[in-house]
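Participant: Requesting a structural model of the entry that follows:
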Amino acid sequence: MPPKDKSVTTSSKSATSDTPVQFVKGVGPRLGAVFANRGINTVKDLLTFFPRAYEDRTKLLKISEVVQRASEGAKVTVAVQVASIKKIPTRNYGKSILEVRCEDPSGSISLKWFHAPRGMEARFTPGAQVIATGAVKVFMGRPEMVHPEITWGMSEVNVGRVVPVYTELEGVPSRTFRKILWEAIQKYRDTLTEDLPERFRKLHQLPALGQAISAIHFPEDEKDIQGLVDFNTPSHWRLIYEEFLKFEYLILRQRMNMEKASAPAFGTDPGLSALKDLTQSLPFQLTGDQQKAIDEIIKDITQPHPMNRLIQGDVGSGKTAVAFLTAGMVLAEGGQAALMAPTEILAEQHYRNAVKLFGGKLNVLLLVGKTTASEREKIQAKLASGLPLLLIGTHALIEDPVVFKNLVYIMIDEQHRFGVEQRRALRRKGMRVDPRTGKTIHPHALILTATPIPRTLALTAYGDLGVSTIREMPPGRSPIISKVIQGNARGSAYETIRAELRKGHQAYFIYPLVNESEAEGFTSLKSAVVEAETLQHEVFPEFKVGLLHGQMKPDEKSTVMDKFKRNEIQVLVSTTVVEVGVDVPNATIMVIEHSERFGLSQLHQLRGRVGRGSAQSYCFFLSHAKPAEATQLRLDVMEQTNDGFQIAEADLKIRGPGEFLGTRQAGALPFKLADLVRDREWLIKARDDAQTLLREDPDLELPEQLPLRRYFEREGKLQFERLKTS
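Facilitator: The predicted structure follows:
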């Protein structure tokens, strides 16, 4: 470790944004370790640790003025003189409350700390002048601040200005962190590397990087506080735009590279004839959106480059029919195809549907965890021979013993349920070297999702995919009638359910837990195991109630689902294991207990298990407590619309992108300031500019693009590795 006097005195010539954060004035090794735990390792990390909010401390109020604002709960700042200090003992052994009585000519106020740091009281000597910031409340007729922020003396950083508010770092007081950032900005802001091409900065009239970062931390325009709070200032725009531009360039370049890679081309007469024959054999007519999606897939796979397409459609819109039909075309031209589903229940359902829809016209096999060893050997022999077939399965498809000779078309259903490596492993099953050209041949890839993707996510997280959308629903289906029921007002819902069961229809009851739990926050939740008994013996004794959950063995789950499909079970009590893909057209009732515990897209997926036949269907969202505002918004959306695309947009606004991305990207996009909903206009501008870059200078070789190229060589690729869709 270098001597202490050298650790904080690096010369201005050697100071760079890559300087370790411990060398910033006021940090040192101890705080440096604290910062490192929050990912702040360098000066650049520190300068891009942005405020989460702002406080107006431009005015110092009198005590008499803050008393009038006590009921508002807003933070205020007062300049006061210490009158007295005392410790108030509490019942906890060795604990006490520190109370500092302060005054100004207009009145007095108490400052209190329930867990004051040791020795803190020594700083408050009678007569000392302090500045306190905090929310004021009235206790026993006297105004007080609890755990206020204290500044000794007038500080250019902490008072008399609009002050930034940061996510707290343990052991680092806010005033200390602000002072450190102030010092860092004064010394290092001009060392930041300007990655953004000057042409785009001037085009959008954006400030320089150092100027923008300085203004975000310590704004000079104190009149536009609302703009700061809303991240809506030119300085914020500058950083937001840059984040989007870098991301969009990488996403679109990934797509461009895929378009240059090699893949077998399909769409000749044998395939097109088979597609026509399979389509005519369907027991229903394709919707216009289904036909359009097929046309888009055909256009892709007729090219000698790998298709990388997402097909999105609401629950029940017929995505798998499109997948089966295009797979049949590939099989007719000698290729092998694979469809990977997230659960055995869904994989088995896809298999049964393929057999039911096409009979013997589509060579389909099933591979799941419970497939016997002898059956696996037969499947492997057919794969090794190169026999054209469609293999449907779970992650069992990517296990080492499974070897395809000619896998040219892969389909991944509900891909957000899989990890990045699982998806890549399936792609690798179809990659091989062409002996004639020496080039690597890639399979065509089709991603299916029943969670409609908001446009902003389609432009970012899924930007390297072509997107096909199926909005039309098959004819003859009525909109599901949805109702939010809170508290104990469930009697009318049970009557509706009982009437439907008497008509011969069936019902789902969904619970968040398998068994009752004593864990904190879960004791009040109903469980599937207990409620199945209650529903059977007390609520619907005249009907058969079945139980399904993820802890059951695969054979047990299959048996229960088969009985439910044959209507030998009228009420299926389940956890969210039925969330994706389960198709029982005779089920017309969905009841979701503790619906306040589920996200919007999950509620929509669960509701999509009913309404799959011609009969009117119902969904009841039961909530046992007065939900929080955001939760109430989710439930209101579910009651008001069945449109998955509207629900997706609402979910993005309420919960952010994590709900959609799931394990696909660990719920993360690499944005520190940018927000997909709030900053959509800047996203579109950045995407347009990224397309311009790729069209004019894809390798960033022109002098004005070199800083951006160096950024990608230095750190951009590291960010992108975890964001690939492949």
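
Participant: I'd assumed Ile109 was in a strand, is it?
Facilitator: Yes. Using DSSP: H, G, I helix; E, B strand; the rest coil, the assignment for Ile109 is a strand.

Participant: was I right about it contacting Gly134?
Facilitator: No. In this structure Ile109 lies outside contact range of Gly134 using CB atoms under 8 Å: 10.1 Å. Quick note: C-beta positions are derived from backbone N, CA and C, even for glycine.

Participant: ok, the two, which is more surrounded?
Facilitator: Ile109 (24 against 19; other CB atoms under 10 Å).

Participant: What separates the first and last residues of stretch 134-147, distance-wise?
Facilitator: 7 Å (CA to CA, to the nearest Å).

Participant: Now for the nearest residue to Met258 once chain neighbours are set aside, how many residues are close by?
Facilitator: Counting by CB to CB, 6 or more residues apart in numbering, Met258 lies nearest to Asn308, which is 5.2 Å off, once chain neighbours are set aside. By other CB under 10 Å, 23 other residues sit near Asn308.

Participant: who's Asn308 bridged to?
Facilitator: Beta-bridge pairing for Asn308 (DSSP bridges): Ala445.

Participant: For it, report the pLDDT, please.
Facilitator: In this model, Asn308 is scored at 90, pLDDT.

Participant: isn't it right up against Leu465?
Facilitator: Yes. Between Asn308 and Leu465 there is a contact at 5.5 Å, judged by CB under 8 Å.

Participant: list residues touching both of Ile109 and Gly134?
Facilitator: Met145 (CB atoms under 8 Å, 6 or more residues apart in numbering).

Participant: how much space between the residue nearest to Met258 and Ser468?
Facilitator: Per CB to CB, to the nearest Å, Asn308 is found 12 Å from Ser468.

Participant: domains of the chain?
Facilitator: According to automatic domain parsing, the chain comprises the domains 59-160, 269-470, 481-641.

Participant: I'd like the next helix or strand past the helix or strand bottoming out on mean pLDDT in the chain.
Facilitator: When the helices and strands of the chain are scored by mean pLDDT, DSSP states H and E, helix 4-7 comes last with a mean of 36. Proceeding N to C from helix 4-7, the next assigned helix or strand is helix 28-37, under DSSP states H and E.

Participant: in that following helix, what counts as buried?
Facilitator: For helix 28-37, a neighbour-count test (16 or more other CB atoms under 10 Å) marks 31-32, 35 as buried.

Participant: and it, what does it pack onto?
Facilitator: helix 4-7 (3 or more CB pairs under 8 Å, 6 or more residues apart in numbering; DSSP states H and E).

Participant: redo that, cut-off 6 Å
Facilitator: Using 3 or more CB pairs under 6 Å, 6 or more residues apart in numbering; DSSP states H and E, no helix or strand is in contact with helix 28-37.

Participant: How far off centre is it?
Facilitator: Mean-position distance between helix 28-37 and its chain equals 30 Å (CA atoms, centre = their mean, to the nearest Å).

Participant: for stretch 55-68, same thing?
Facilitator: Going by CA atoms, centre = their mean, where stretch 55-68 is centred and where its chain is centred differ by 40 Å.

Participant: That one: end-to-end distance?
Facilitator: 19 Å.

Participant: contact partners of it?
Facilitator: Contact with stretch 55-68 is made by 75-79, 104, 106-107, 109, 136, 143, 159, 162-163, 165, 222, 225, as judged by CB atoms under 6 Å, 6 or more residues apart in numbering.

Participant: Pull out the buried residues from that stretch.
Facilitator: 55-57, 60-61, 63, 66-67.

Participant: do the same with stretch 480-498
Facilitator: For stretch 480-498, by 16+ other CB under 10 Å, it's 480, 482, 484-486, 493, 496-497.

Participant: what's the first-to-last distance across it?
Facilitator: End to end - CA to CA - stretch 480-498 spans 17 Å.

Participant: what about that stretch, average pLDDT?
Facilitator: Mean pLDDT, stretch 480-498: 87.

Participant: Now that we have the contacts of stretch 55-68, which of them are buried?
Facilitator: Buried among the contacts of stretch 55-68 (16+ other CB under 10 Å): 75-79, 104, 107, 109, 136, 143, 159, 162-163.

Participant: Inside strands: which ones of the residues you listed?
Facilitator: Residues of these located in strands (DSSP state E): 75-79, 104, 107, 109, 136, 143, 162-163.

Participant: quick revisit: redo the buried residues of stretch 55-68 as CSV? Include distance to Ile294, secondary structure and pLDDT.
Facilitator: As requested, the buried residues of stretch 55-68 are exported to CSV (distance: CB to CB, whole Å; DSSP: H, G, I helix; E, B strand; the rest coil; pLDDT from 0 to 100):
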residue, distance to Ile294, secondary structure, pLDDT
Glu55, 57, strand, 85
Asp56, 58, strand, 84
Arg57, 62, coil, 86
Leu60, 69, coil, 88
Leu61, 68, strand, 89
Ile63, 74, helix, 90
Val66, 68, helix, 84
Val67, 71, helix, 77
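
Participant: Take the residues you listed and lay them out in TSV including distance to Ile379.
Facilitator: Below are the buried residues of stretch 55-68 laid out as TSV (distance: CB to CB, whole Å):
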residue	distance to Ile379
Glu55	65
Asp56	69
Arg57	70
Leu60	78
Leu61	77
Ile63	81
Val66	76
Val67	79
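
Participant: For Gln254, state which of the residues you listed is nearest.
Facilitator: Glu55 (41.6 Å; CB to CB).

Participant: Give me the residue ranges of the stretch 351-500 of the chain where confidence is low.
Facilitator: Along the stretch 351-500 of the chain, the parts satisfying pLDDT under 70 run over 415-420, 461.

Participant: where along it do the strands fall?
Facilitator: 364-367, 390-393, 407-413, 432-433, 440-441, 444-449, 466-470, 481-486 (DSSP state E, counting those that start in this stretch).
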